[in-house]
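Q: Dropping a prediction and its sequence here:
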2 protein chains.
Amino acid sequence: MSERIANAALRQKVMSADDAAALIHDGDQIGFGGFTGSGYPKALPGALAKRIQESHDRGEKFTVNVFTGASTAPELDGALAAVDGIGWRMPYQSDPQMRNKINDGTSFYTDIHLSESGMMVRQGFFGNVDFAVIEATRITEDGDVVLTSSVGNNAVYCEVADKIIIEVNSWQSEDLEGMHDIYGGFALPPNRVPIPITHPGDRIGDKFLHIPQNKVVAIIETDGPDRNTPFKPIDDDSRKIAGFLLDFYDNEVKQGRIPKNLLPLQSGVGNIPNAVLDGLLHSDLEHLTSYTEVIQDGMIDLIDAGKLDVASATAFSLSPDYAHKMNENAAFYRDHIILRPQEISNHPEVIRRLGVIGANGMIEADIYGNVNSTHVMGSRMMNGIGGSGDFTRNAYISAFVSPSTAKGGAISAIVPMVSHVDHTEHDGMVIITEQGIADLRGLAPRQRAPKIIENCAHPDFRPMLLDYYERALRDCKFKHTPHLLNEAYSWHTRFLETGTMKLS
Amino acid sequence: MSERIANAALRQKVMSADDAAALIHDGDQIGFGGFTGSGYPKALPGALAKRIQESHDRGEKFTVNVFTGASTAPELDGALAAVDGIGWRMPYQSDPQMRNKINDGTSFYTDIHLSESGMMVRQGFFGNVDFAVIEATRITEDGDVVLTSSVGNNAVYCEVADKIIIEVNSWQSEDLEGMHDIYGGFALPPNRVPIPITHPGDRIGDKFLHIPQNKVVAIIETDGPDRNTPFKPIDDDSRKIAGFLLDFYDNEVKQGRIPKNLLPLQSGVGNIPNAVLDGLLHSDLEHLTSYTEVIQDGMIDLIDAGKLDVASATAFSLSPDYAHKMNENAAFYRDHIILRPQEISNHPEVIRRLGVIGANGMIEADIYGNVNSTHVMGSRMMNGIGGSGDFTRNAYISAFVSPSTAKGGAISAIVPMVSHVDHTEHDGMVIITEQGIADLRGLAPRQRAPKIIENCAHPDFRPMLLDYYERALRDCKFKHTPHLLNEAYSWHTRFLETGTMKLS
């Protein structure tokens, strides 16, 4: 048995994933660890999926409600979705099978701000949580848990769940110990207190997750890697978008609106954020900090180059090479990286206080600056809002970034009216595509539209957008936010009917 | 000269409103005091409007950009709008003439969360502020200002403006001294610190507004009342809606999700909030508190009855009778009322920490829980988002309330898709009309739609909504948020064409 389970009483709880899965029943609500494909349980979900399939084969109903930190991996969302095992799911997902089950009507999905998911569980708004299933790299002699590559909602699920199942994963580095900062000060009103973070590097909690040991019903030993996605080379559009963003920051510094070393950086995951981080790597900037959700490859490079003093997040999202590097050198990186509960990494209070400057991807924006981050053509759930709302609403400066077209040019990312709103005109400040940047701060709708169309839309769609806007301005009775409601979604319906937003 | 100006140097600055208005020029940006028709300057705006009209008569261009706390009054918004004197306006308004100028394209209007308006000014996002024009009830010997019936953005405008004009209004009670709590701890990142409020009654600032006296260029003596709107008797629909909300709170207490004395209350202004306050007055509840934007009549009644321990806000919005009562008894009420800068009354950090339970009006909600608070038929600006976003996003429980129909039954407040989104599906929790209540917490879109339609829609529109939803569910390829984009706005276009959303 693994030496990673140092507590004698908990060693008695070691069992197979199948035996642990047998403890779970139809209708149970399960809080899983896992955030952006990191630190999710690797074995129990598959065993549970097998059990569910066997039930279904016998003609019995068996679904569970799945709570997580954020997205997980094929071994969790994928396995459970494949057997139609998820009745209801929150707060974020990105697995292709899970997404299909949401969009074909098999599973219900409630899309919640990541900062609020744990809070609302604690407030009792989702009913009783039957199980917490988390991943540990080690259990101490005292029975405390050393978490792995994400913190997510682990603490709240262990706090509220009736029973706890722990997977001890020996693939994860034991040197992650000391990287986590598990805040223990959560309370319900009227007893909440200020969260005492005034710098991204502040530690306010414990390196261990303290759990009620009497709730632990099973411990499973595993040895498997996180869902580490290979690195994609930075493409030209991403590099252009990153260039516009960095020039914008540079000008904000020149105008005296932000300090020389910027303010704590937040970014989503993917090619554009990687291009931004690469741009920072090749800039003169120093003593950068980050207060964000996930640590990706580019931040490791910035730490290695001595340019990023500290990065605060709730999880890693690394390529296999960088995950290996982290596992080898966690003892070094833990001086520069803090992993916190997502209630803290995404907390409006802290984001606003620190003055985070954020950049997030989008599906589409409209000519007035409303942004859709979640629904393709108004109905098809992509992944979820994630932390984009937490950061956009509270950031010092918040940007939305996207290539100006998708599907080989058939879809414009700038449309007359977005088909779903996740971020309102009151929230976003800057929109950037490979075409250019629109700084919307302080602008009224009629001041925004020409700027977004001219600066951000693809030339193929610019005349069509201008045509819509000019006719709306002329024909709409009300000139504050002129729209032609009978054709506001004509671009989307044209795409659904013909496969392109372009006029034939 | 009024004895209310005790500082000798500042007494030298007393002049007429016309002389003060002569200091202002075309293109100037002016930060006016005033919030919900309280504490706005009474004389300068009219004199400025006269000056603008004279310029226009001479064929000269003259507009100013107007910043306020929130809505003001005919003497400010009305007077300046009437002469086409406002080029650009933020962050909230409700004056009929101002609204017309916004919707006919004369004035630009940027609609901003009230918590963020001052913050963004301080961050330099709106450019230089030339004048602050505020109202005082008294200026002390040391030159400190005792504010009147609102605090709003007065502090930030005086801080950043080049020049300050003060109206000393002897209609306002001198006993307001001690009611204000002017927080002086604002800083820009990276120097922001926690806001040390853990209870609505906490005082964290100074009773005086300290101003840089060398910036004061004019003091004007006035003696006029605030825009105090007469009380309207509570109608049946409002009483029904209030009943649903109070029953809901009662059940939350029974379920153990909120304390017996509830949590700090927030509400918008108007008939429904008044009905809620009246319901509280006739309940068994005690030791209530309020952390909100405005103090209205019903809160005064609750204080008088000994049921409301403390109310924190940024302004009054009282009927003439209650304004008179306040002026007579401010020395009593200042033990129960705190007026703060709107950056504090509406601060996400404090709202979330205290666990405020909020209720706000709306124009329309859709079957999936998206809410429109600002735009009639997607284009016509009503008033603005105000503080509804600050409270809804951060409240412990947030409700949207509205009668189920408007315009004599021609308009349904529940529609297939809202024509503008101010509050996303991720934010609102509860929707209430006189028909009933839909508790949306934790529900996925397909779980929400039947509930909203059945519980909240007017019977005249319920079958039409069900028909839309069922066809969307059947015909839309994606079942997460089923929509028929080619008819999502057919109700709105039908109203624009025929004057009713009903089918003929």
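A: Thanks, I have the structure now.

Q: which residues does the residue of the stretch 351-500 of chain A found nearest chain B contact?
A: Residue nearest to chain B within the stretch 351-500 of chain A (Cβ to the nearest Cβ): A:G355, separated by 2.6 Å. Every C-beta, even on glycine, is put in place using the N, C-alpha and C of the backbone. Contact analysis of A:G355 by Cβ atoms under 8 Å, 6 or more residues apart in numbering or on different chains lists A:258, A:263-264, A:395-396, B:188-190, B:192.

Q: What is the nearest of those residues to B:G268?
A: Distance to B:G268, by Cβ to Cβ, is smallest for A:A395 among the contacts of A:G355, at 26.4 Å.

Q: picking that back up, return the distance of the residue of the stretch 351-500 of chain A closest to chain B relative to A:S398.
A: Distance from A:G355 to A:S398, counting by Cβ to Cβ, to the nearest Å: 11 Å.

Q: thinking again about what came up before, of the contacts of A:G355 - the most surrounded one?
A: A:P264 (27 neighbours; other Cβ atoms under 10 Å in any protein chain shown).

Q: how about the closest residue in space to that residue that isn't next to it in sequence, phi and psi?
A: Nearest residue to A:P264, sequence neighbours excluded (Cβ to Cβ, 6 or more residues apart in numbering or on different chains): A:Y291, at 3.8 Å. Note on A:Y291: backbone dihedrals following degrees, to the nearest 10 are phi -130, psi 100.

Q: Quickly list what A:Y291 is bridged to.
A: A:S312 (DSSP bridges).

Q: That one contacts A:S267, correct?
A: No. Using Cβ atoms under 8 Å as the test, A:Y291 is too far from A:S267 to be in contact (10.8 Å).

Q: Look at the two and report which has more neighbours.
A: Applying other Cβ under 10 Å to A:Y291 and A:S267 shows that A:Y291 carries more neighbours, namely 32 against 26.

Q: so how far is chain B from the more buried one?
A: Counting by Cβ to the nearest Cβ, to the nearest Å, the gap between A:Y291 and chain B amounts to 11 Å.

Q: and that residue, what is it in contact with?
A: A:200, A:264-266, A:312, A:345, A:350-351, A:354, A:356.

Q: Let me know the closest of the contacts of A:G355 to B:A136.
A: Nearest to B:A136 out of the contacts of A:G355 is B:L188 (Cβ to Cβ; 27.0 Å).

Q: Show me what the longest strand belonging to chain A packs onto, helices and strands only.
A: Secondary structure of chain A per DSSP state E: the longest strand is strand A:131-139. Judged by 3 or more Cβ pairs under 8 Å, 6 or more residues apart in numbering or on different chains; DSSP states H and E, the packing partners of strand A:131-139 are strand A:29-32, strand A:145-147, helix A:154-160, strand A:163-169.

Q: Could you write out the alpha-carbon coordinates of the first one in CSV?
A: Coordinates of each C-alpha in strand A:29-32 appear next as CSV, following Å, rounded to 0.1, in the frame of the first residue of the first chain:
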residue,chain,number,x,y,z
GLN,A,29,-25.4,14.4,-5.6
ILE,A,30,-21.7,14.2,-5.9
GLY,A,31,-19.2,17.0,-5.5
PHE,A,32,-16.1,16.0,-7.6
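
Q: right, and A:T392 touches A:A359 too?
A: No. Between A:T392 and A:A359 there is no contact under Cβ under 8 Å: 9.7 Å.

Q: what residues are shared contacts of the two?
A: Common contact partners of A:T392 and A:A359 (Cβ under 8 Å, 6+ apart): A:398, A:400.

Q: which residues make contact with stretch A:461-471 from outside it?
A: The contact list for stretch A:461-471 (Cβ under 8 Å, 6+ apart) reads A:367, A:404-405, A:412, A:414-416, A:449-450, A:453-454, A:457, A:482, A:484, A:487, A:491, A:501-503.

Q: Drop anything exposed from the residues you listed.
A: Neighbour-count burial within the contacts of stretch A:461-471 applies to A:367, A:404-405, A:412, A:414-416, A:449-450, A:453, A:457, A:482, A:484, A:487, A:491, A:501-502; the criterion is 16 or more other Cβ atoms under 10 Å in any protein chain shown.

Q: The spatially most central residue of chain A and A:N65, how far apart?
A: Closest residue to the average C-alpha location of chain A: A:G386 at 4.3 Å, with Cα atoms, centre = their mean. Separation of A:G386 from A:N65 (Cβ to Cβ): 20 Å.

Q: now the strands: where do they sit in the stretch 201-350 of chain A?
A: Along the stretch 201-350 of chain A, the stretches classed as strands by DSSP state E, counting those that start in this stretch are A:216-222, A:265-267, A:288-291, A:294-296, A:308-313, A:315-317, A:337-339.

Q: Oh, that last question was meant for the stretch 51-200 of chain A, not what I typed.
A: With DSSP E, counting those that start in this stretch as the criterion, the stretch 51-200 of chain A has strands at A:64-67, A:86-90, A:108-109, A:131-139, A:145-147, A:163-169.

Q: Out of the ones you listed, indicate the one that is most buried.
A: Highest mean neighbour count of the strands of the stretch 51-200 of chain A: strand A:131-139, a mean of 28 (counted as mean count of other Cβ atoms under 10 Å in any protein chain shown).

Q: Could you give the average pLDDT over that one?
A: Per-residue pLDDT over strand A:131-139 has a mean of 98.

Q: Then stretch A:28-37?
A: On average, the pLDDT along stretch A:28-37 is 97.

Q: OK, contacts around the residue in the stretch 151-300 of chain A positioned nearest to chain B?
A: For the stretch 151-300 of chain A and chain B, the shortest gap (Cβ to the nearest Cβ) falls at A:P189, measuring 2.6 Å. Neighbouring residues of A:P189 by Cβ under 8 Å, 6+ apart: B:263, B:353-355, B:396.

Q: just A:F125 next, same as before
A: Applying Cβ under 8 Å, 6+ apart, we find A:F125 in contact with B:257, B:441-442.

Q: what number of residues lie near the spatially closest residue to A:I234 that is not a sequence neighbour?
A: Distances taken as Cβ to Cβ, 6+ apart place A:A275 nearest to A:I234, at 4.6 Å, with adjacent residues excluded. Using other Cβ under 10 Å, the number of residues around A:A275 comes to 24.

Q: can you check A:L23 too?
A: Around A:L23 there are 17 residues (other Cβ under 10 Å).

Q: Could you verify my assumption that it touches A:I164?
A: No. A:L23 lies out of contact with A:I164 (Cβ under 8 Å); the separation is 11.0 Å.

Q: Common neighbours of those two, please.
A: A:131, A:217.
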